[in-house]
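Asks: here is my input, please return the structure:
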Amino acid sequence: MLIRFGYVAHALDLWEASPQKTLTFARWSKLGSEERKLRLEEVTRKNLEHTIRALHYNIAHEIDIYRMSSSIVPLATHMEVPWDYIKPFKELYQEIGELVKKHKLRTSFHPNQFTLFTSDKGHVTENAVRDMEYHYALAEAMGLEKMIHINIHVGGAYGDKKNAVARFHDNLRKLPNHIKAQMTLENDDKTYTATETLEICEKENIPMMFDYHHFAANHEDDESLEGLLPRIFQTWAGKEYVPKVHVSSPKSEQAFRSHAEYVDVDFLMPFLTELKNIGQPIDFMVEAKGKDLALRRLVEEISAIRGVRRVKGAAVEW
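Replies: Here you go, the predicted structure:
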């Protein structure tokens with residue numbers, strides 16, 4: 001069983017390399033018209049350049065899995081800030097896409113928790129569609145629109161989960177099919193369990209992004225890894241990539257849902273053991289606060305397990 005590892009957006013081992021520098025609407029509002037444009041372009045260009053730095057870092061360390069920042073473009077979906085965030089950076093987008101394709105990297109986006117399709121308020125759904133369109137536009141500019149997955153959560157329950165799920169299916173029809181084709185859905189740590197998320201994925205033909213930490217924090221007594229994982233992996237059948245999952249561990253017992261700086265291998269062992277029993281090749285997205293540093297430590301610690309062999313910088317064979 002091959003396990004590859006990736007991390008989220010910011011390579012902490014690089015100096016001053018955040019790909020998610022911001023420009024708030026409040027700050028933008030105080031600028032003159034020309035300065036607004038210059039500042040938007042300056043921040044976006046820097047974020048794209050830092051994304052390229054991260055990709056080169058990943059290539060050097062043989063890290064094949066990478067989640068790009070959703071905040072590359074400041075104010076991209078703000079209704080009062082219409083601006084062209086594609087054409088001025090065409091060459092940078094193309095450079096990113098070429099690096100990804102040349103080195104066979106697996107990339108993704110993860111919009112924030114407000115991108116959801118369960119609300120009964122029309123403007124919330126409209127904003128969700130707009131945000132998904134923004135992420136797809138970035139992927140398209142990179143030439144990766146058929147390769148990048150855009151991962152979201154189901155959303156809120158609003159006191160009536162059955163009706164919220166029904167709204168999810170109805171509201172999702174407003175999302176263009178070519179964008180829906182790049183979607184994945186993730187179980188969350190408070191509301192929608194792995195089983196509930198899986199049932200939605202199966203009905204909508206959407207691959208499920210299983211989060212083990214969320215499963216540990218939010219599951220029913222009759223839910224088991226043994227029963228869930230084969231069905232979850234089946235949602236990836238016929239796709240270009242192997243199943244992908246999120247791994248992290250609790251910050252503490254008191255702050256169980258919060259991500260720790262690094263990943264506790266002992267916390268992962270039940271999951272790792274079941275994966276080994278199934279033998280499914282899989283990709284891990286490390287969501288620890290330590291990002292690439294946590295990834296590298298986790299690879300080393302899993303490599304030390306009897307029967308595990310490290311086969312490249314961020315991949316092991318078990």
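Asks: contacts, neighbours, all on C-alpha from now
Replies: Will do.
Asks: need the longest helix for this protein.
Replies: In the chain, assigned by DSSP state H, the helix with the most residues is helix 33-60.
Asks: what comes up buried for that one?
Replies: 36, 40-41, 43-59 (16 or more other Cα atoms under 10 Å).
Asks: repeat that for stretch 251-258.
Replies: For stretch 251-258, by 16+ other Cα under 10 Å, it's 251, 256-258.
Asks: ditto for stretch 159-170
Replies: Buried, per 16+ other Cα under 10 Å, within stretch 159-170: 161, 164-165, 168.
Asks: which residues are contacting it?
Replies: 117-120, 154, 156-158, 200, 204 (Cα atoms under 8 Å, 6 or more residues apart in numbering).
Asks: who does the helix or strand following the longest helix of the chain pair up with?
Replies: Per DSSP states H and E, helix 33-60 leads on to strand 65-67 as the next helix or strand towards the C-terminus. According to DSSP bridges, strand 65-67 forms sheet pairs with strand 2-8 (parallel), strand 106-109 (parallel).
Asks: winner for burial among those strands?
Replies: The highest mean neighbour count among the strands paired with strand 65-67, using mean count of other Cα atoms under 10 Å, belongs to strand 2-8: a mean of 24.
Asks: relative to helix 33-60, how tilted is that strand?
Replies: Strand 2-8 and helix 33-60 are oriented at 160 degrees to each other (axes from the mean of the first three to the mean of the last three Cα atoms, to 10 degrees).
Asks: dump the C-alpha coordinates for strand 2-8 into PDB.
Replies: Presented in PDB, the C-alpha positions along strand 2-8 are these (Å, rounded to 0.1, in the frame of the first residue of the first chain):
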ATOM      1  CA  LEU A   2       1.400   3.300  -1.100                       C
ATOM      2  CA  ILE A   3       0.700   6.400   1.100                       C
ATOM      3  CA  ARG A   4       1.700   9.800  -0.300                       C
ATOM      4  CA  PHE A   5       1.700  12.900   2.000                       C
ATOM      5  CA  GLY A   6       0.900  16.600   1.300                       C
ATOM      6  CA  TYR A   7       0.300  19.800   3.300                       C
ATOM      7  CA  VAL A   8      -1.800  23.000   3.200                       C
END
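Asks: mean confidence for that strand?
Replies: Taken as a whole, strand 2-8 has a mean pLDDT of 98.
Asks: ok, back up a step: just put the contacts of stretch 159-170 in JSON lines and tack on pLDDT, secondary structure and distance to Asn127.
Replies: Shown next, in JSON lines, are the contacts of stretch 159-170 (pLDDT from 0 to 100; DSSP: H, G, I helix; E, B strand; the rest coil; distance: Cα to Cα, whole Å):
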{"residue": "Phe117", "pLDDT": "98", "secondary structure": "coil", "distance to Asn127": "10"}
{"residue": "Thr118", "pLDDT": "98", "secondary structure": "coil", "distance to Asn127": "12"}
{"residue": "Ser119", "pLDDT": "96", "secondary structure": "coil", "distance to Asn127": "11"}
{"residue": "Asp120", "pLDDT": "95", "secondary structure": "coil", "distance to Asn127": "13"}
{"residue": "Val154", "pLDDT": "97", "secondary structure": "coil", "distance to Asn127": "15"}
{"residue": "Gly156", "pLDDT": "95", "secondary structure": "coil", "distance to Asn127": "15"}
{"residue": "Ala157", "pLDDT": "95", "secondary structure": "coil", "distance to Asn127": "18"}
{"residue": "Tyr158", "pLDDT": "94", "secondary structure": "coil", "distance to Asn127": "18"}
{"residue": "Ile200", "pLDDT": "98", "secondary structure": "helix", "distance to Asn127": "21"}
{"residue": "Glu204", "pLDDT": "98", "secondary structure": "helix", "distance to Asn127": "21"}
